[in-house]
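In: Give me a 3D structure for the following:
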Amino acid sequence: MIFRKMKKIAIIIALLISSVCIANAADSPRPHQVRTITVKGTGRASATPDRTVINFTVSSLNKNYEKAIKENTDKINRLEKAIVACGLNKEALTTSNFNVYAQNERKNIDNVWTDVFVGYNCSQYLSIEFELDQKLIGKVLGAIVSCDASPSFSISFKIKDTEPIKEAVLKDAVGNARKKAEAICEQVGCHLGAVQKIEYNVPRNDYVSRSTYSMSLKAMAYANDSIEAAINPEDINVTDEVTVIWQIL
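Out: Model prediction:
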């Protein structure tokens with residue numbers, strides 16, 4: 001009997017101690033929570049192209065495998081000589097892809113559509129890059145017409161040094177984020193504190209002008225000096241985003 005009473009008393013004491021501990025914990029000051037604001041900023045920047053890139057595709061078709069390759073090699077050699085004659089280095093003309101495959105055509109033979117072998121297609125994809133100079137572009141395109149390599153081609157424009165535009169667009173993005181954050185804080189009656197975190201994902205900007213040029217070789221033969229006036233690429237425009245987290249006071 002005495003043992004049971006002592007046990008009840010011990011339980012009551014334990015409950016009282018627990019209640020006191022919980023009350024003290026509830027009354028103790030909580031850790032200071034930093035209030036923050038998260039804003040995404042968008043930056044924009046532009047630059048004038050200073051480099052010309054011409055991409056070529058030279059191809060030959062022959063039912064003989066070796067002859068298809070030789071014919072295409074001869075065309076490439078003529079193209080290289082034409083490029084050198086314009087004052088550019090032979091090494092400037094680089095190959096990005098070389099491909100030889102059996103080419104077939106669908107033909108109706110006795111009312112049955114059949115794949116018919118027409119020859120081996122040897123294709124080589126090349127490009128050359130040089131400074132953006134109107135006269136030089138016209139000279140190179142004229143040389144392409146006269147070299148009898150019959151390539152298809154396209155022209156694009158880029159910038160050689162991309163670091164300045166990368167830096168400019170990032171500065172603009174951070175400035176845009178801060179401007180937005182300050183506008184929000186002004187409306188709710190608080191102020192920006194220290195930066196707590198910055199989030200940034202590297203974008204996939206290629207820093208190439210949206211202007212592209214292509215022309216058939218037949219048309220090129222009559223273009224002559226008018227090509228210079230026609231080629232005036234637009235600026236390269238890039239955007240980027242940065243997310244900044246500030247403490248608010």
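In: alpha carbons only for contacts and neighbour counts from here, please
Out: Will do.
In: what about the helices in the protein?
Out: All helices of the chain, identified by DSSP state H, fall at 2-27, 65-85, 134-146, 163-188, 217-223, 226-230.
In: Only the buried residues of the second one, if you could.
Out: To tie it back to what came earlier, the one meant is helix 65-85. Neighbour-count burial for helix 65-85, counted by 16 or more other CA atoms under 10 Å, picks out 65, 68-69, 71-73, 75-76, 78-84.
In: same question, the fourth one
Out: Residues of helix 163-188 classed as buried by neighbour count (16+ other CA under 10 Å): 165-166, 169-178, 181, 184.
In: Show me how this structure divides into domains.
Out: Taking automatic domain parsing as the domain assignment, the ranges for the chain are 1-30, 32-49+160-212+233-249, 51-158.
In: now those domains in CSV, with mean pLDDT?
Out: As requested, the domains of the chain are arranged in CSV below (pLDDT from 0 to 100):
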stretch, mean pLDDT
domain 1-30, 50
domain 32-49+160-212+233-249, 92
domain 51-158, 90
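In: Can you check which strand is longest in the protein?
Out: Among the elements of type strand in the chain, defined by DSSP state E, the one spanning the most residues is strand 112-131.
In: Taking their axis directions, that strand and helix 65-85 sit at what angle?
Out: 20 degrees (axes from the mean of the first three to the mean of the last three CA atoms, to 10 degrees).
In: Tell me the helices and strands packed up against strand 112-131.
Out: strand 51-62, helix 65-85, strand 93-109 (3 or more CA pairs under 8 Å, 6 or more residues apart in numbering; DSSP states H and E).
In: Give the pairing partners of the shortest one; include direction for each.
Out: I take that to be strand 51-62. Strand 51-62 has the following sheet partners, assigned by DSSP bridges: strand 112-131 (antiparallel), strand 152-158 (antiparallel).
In: relative orientation of it and strand 93-109 in degrees?
Out: Using the same axes, to 10 degrees, one finds that strand 51-62 and strand 93-109 are set 40 degrees apart in direction.
In: what's the spacing between strand 51-62 and its chain's center?
Out: Shown here is strand 51-62, whose average C-alpha point lies 23 Å from the average C-alpha point of the whole chain (CA atoms, centre = their mean, to the nearest Å).
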